[in-house]
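Engineer: the sequence and its predicted three-dimensional model are supplied below.
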Amino acid sequence: MWMEQQRSPSGSSQSPRSPSAQPYLSVSVTDPVKLGNGVQAYISYRVVTKTNLPEYQGPEKIVIRRYSDFVWLHDRLFENYKGIFIPPLPEKSAVEKFRFSAEFIEMRRRALDLFVNRIASHHELRQSEDLRTFLQVDEEVMERLRSYETGIFKKPADLMQIFKDVQSKVSDVVLGKEKPVEESHPEYEKMKHYIFELENHLAEAQKQAYRLVKRHRELGNSLSDFGKAVKLLGACEENALGKAFSELGAKSELVAVKLQKEAHELLMHFEEPLKDYVRAVQSIKVTIGERATAFRQQCELAETIKLKEINLDKLMLTRSDKVREAEIEYRELKAESEEAMRRFETIVRRMNEEMVRFQEKKTTDMGVAFHEFAKGQARLANGIADAWRSLLPKLEACSV
């Protein structure tokens, strides 16, 4: 959504490995399959990569991946590309009965496809060695990497919980519950305020979109039940009234089908994109938290260096035998401070670039989502009106 997918060019007469061919990296997540039973059950996906980039093993590669493999890729990128808005992953389903429903599996497949293509289309992330590993190594190697990462660096945790923990810390800073050293640049403050406001408004819009989906489904179910009941009523009548009742029941069931279909379209093309942008904003908030941490670290190091300078001056004045040791410590600390400054500046530069890209894609994607919503509602209204309108003459004939 907010980072365009790069698809392979079609109709080209050039070889995929031709030096003059347009570089491309296309990834598709397909064919979800349930494996295992009970609490050990999970969904696997075919991840198909097509590319002409020389750093890849060949023009096409197919691997099998599961959700935790996508989490591995996300976490690796998050650690190695500070300042970049790492594309969000879909959350896990906490409700067991929904985990393996066809609708949930399809929504997750779409979200995972979007996740990996956002990475593949990002000018920095697409160069990641971790992405190449994810797209090319076999399942056994992937499992070892995932197990090693989990065992060494952190316990398994739901990704959204990580988001919430960091968001809570950032919120505490914004709301004044904590008073650490804070960056006070006006543009940065404006950006933070915008992101927090945007999350609130997107979350509210997504919640109302979910209610629309639910109401469409409930009305569809009610009309379907009504249709069945009226058809049974019509079966009791042998005259024109019975026939009218039967046709009323049939039209009710037809309208119910239209409502259920539109509810599904609304879910996939309106509510899900809104939810995706809520996750995207949460990813930005995580990056804000990382920037705040980097800023505090460089400020703390700068203050420590001042104290070390004062101490070093005192030692030199007293001609202490600890001068050499203090000089070494000072130089090491200064190098660490300079590295912290470079790290912070990199985060700032990347965030500025990411915000421009995010705003551009958000404008496009929100326009598409709301256009699809309005078009779908108009299609539904016209379909329902046509269905009832065709029935009116027969019902009027019975009422005369």
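Structural biologist: Structure received.
Engineer: so what's the residue count around the nearest residue to residue 304 once chain neighbours are set aside?
Structural biologist: Among residues not flanking residue 304 along the chain, residue 333 sits closest, at 6.4 Å (CB to CB, 6 or more residues apart in numbering). C-beta: built from backbone N, CA, C; applies to glycine. By the criterion of other CB atoms under 10 Å, residue 333 has 16 neighbours.
Engineer: in contact with residue 333, which residues?
Structural biologist: Going by CB atoms under 8 Å, 6 or more residues apart in numbering, residue 333 touches 301, 304, 305, 308.
Engineer: burial count for the third one?
Structural biologist: Meaning residue 305. 16.
Engineer: what about it, helix or strand, and which?
Structural biologist: Secondary structure from DSSP states H and E places residue 305 in helix 272-317.
Engineer: my read is residue 263 is in a strand, agree?
Structural biologist: No - looking at residue 263 with DSSP: H, G, I helix; E, B strand; the rest coil, it is helix, so not inside a strand.
Engineer: quick one: contacts for it?
Structural biologist: Contacts of residue 263 by CB under 8 Å, 6+ apart are 213, 216, 217, 220.
Engineer: related to what we said a few turns ago, just the angle between the following helix or strand past the helix holding residue 305 and helix 272-317, please?
Structural biologist: Sequence-wise, the next helix or strand downstream of helix 272-317 (DSSP H and E) is helix 323-399. Per axes from the mean of the first three to the mean of the last three CA atoms, to 10 degrees, the angle that helix 323-399 makes with helix 272-317 is 170 degrees.
Engineer: give me the number of residues near the nearest residue in space to residue 299 that is not next to it in sequence?
Structural biologist: Counting by CB to CB, 6+ apart, the nearest residue to residue 299 once its immediate chain neighbours are dropped is residue 181, at 4.6 Å. Look at residue 181: counted by other CB under 10 Å, it has 14 neighbours.
Engineer: how about the one 10 residues further on?
Structural biologist: For residue 191, the tally of surrounding residues (other CB under 10 Å) stands at 16.
Engineer: also residue 26?
Structural biologist: With other CB under 10 Å as criterion, residue 26 counts 18.
Engineer: spatially speaking, which residue is in the middle of this protein?
Structural biologist: Closest to where the C-alpha atoms of the chain average out (CA atoms, centre = their mean) is residue 88, at 3.2 Å.
Engineer: surely it touches residue 283?
Structural biologist: Yes - applying CB atoms under 8 Å, one finds residue 88 in contact with residue 283, separated by 4.7 Å.
Engineer: hmm, which helix or strand of this protein has the shakiest average pLDDT?
Structural biologist: Within the chain, no helix or strand scores below helix 159-175, which has a mean of 52 by mean pLDDT, DSSP states H and E.
Engineer: following element in sequence after that helix, please.
Structural biologist: helix 186-235.
Engineer: now do that next one: which elements does it pack against?
Structural biologist: helix 159-175, helix 240-266, helix 272-317 (3 or more CB pairs under 8 Å, 6 or more residues apart in numbering; DSSP states H and E).
Engineer: could those go into CSV alongside distance to residue 56?
Structural biologist: Shown next, in CSV, are the helices and strands packed on helix 186-235 (distance: least, CB to CB, whole Å):
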stretch, distance to residue 56
helix 159-175, 27
helix 240-266, 36
helix 272-317, 26
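Engineer: which one of those helices lies nearest to residue 231?
Structural biologist: helix 240-266 (3.3 Å; CB to CB).
Engineer: coming back round to it: so what's the residue nearest to the centre of the chain up against?
Structural biologist: Contacts of residue 88 by CB under 8 Å, 6+ apart are 115, 276, 279, 280, 282, 283.
Engineer: farthest pair in the residues you listed?
Structural biologist: Longest span within the contacts of residue 88, CB to CB: 115 and 282, 13.7 Å.
Engineer: more neighbours, these two?
Structural biologist: residue 115 (23 against 19).
Engineer: how many neighbouring residues does the nearest residue to that one once chain neighbours are set aside have?
Structural biologist: What sits nearest to residue 115 in space, not counting adjacent residues and going by CB to CB, 6+ apart, is residue 87, at 5.1 Å. Close neighbours of residue 87, defined as other CB under 10 Å, add up to 25.
Engineer: which element is residue 87 on?
Structural biologist: Using DSSP H and E, no helix or strand contains residue 87.
Engineer: now it: how far from residue 361?
Structural biologist: Per CB to CB, to the nearest Å, residue 87 is found 11 Å from residue 361.
Engineer: sorry, back to before: minimum distance to residue 191: which of the helices and strands packed on helix 186-235 has it?
Structural biologist: Closest among those, using CB to CB: helix 272-317, at 8.1 Å.
Engineer: list the helices and strands the closest one packs on?
Structural biologist: helix 102-121, helix 159-175, helix 186-235, helix 323-399.
Engineer: would you single out the least confident of those helices?
Structural biologist: Among the helices and strands packed on helix 272-317, helix 159-175 carries the lowest mean pLDDT, a mean of 52.
Engineer: related to what we said a few turns ago, for the helices and strands packed on helix 272-317, which one sits closest to residue 78?
Structural biologist: helix 159-175 (8.9 Å).
Engineer: may I have the phi/psi pair for residue 64?
Structural biologist: phi -110, psi 130 (degrees, to the nearest 10).
Engineer: who does it form a beta bridge with?
Structural biologist: residue 46 (DSSP bridges).
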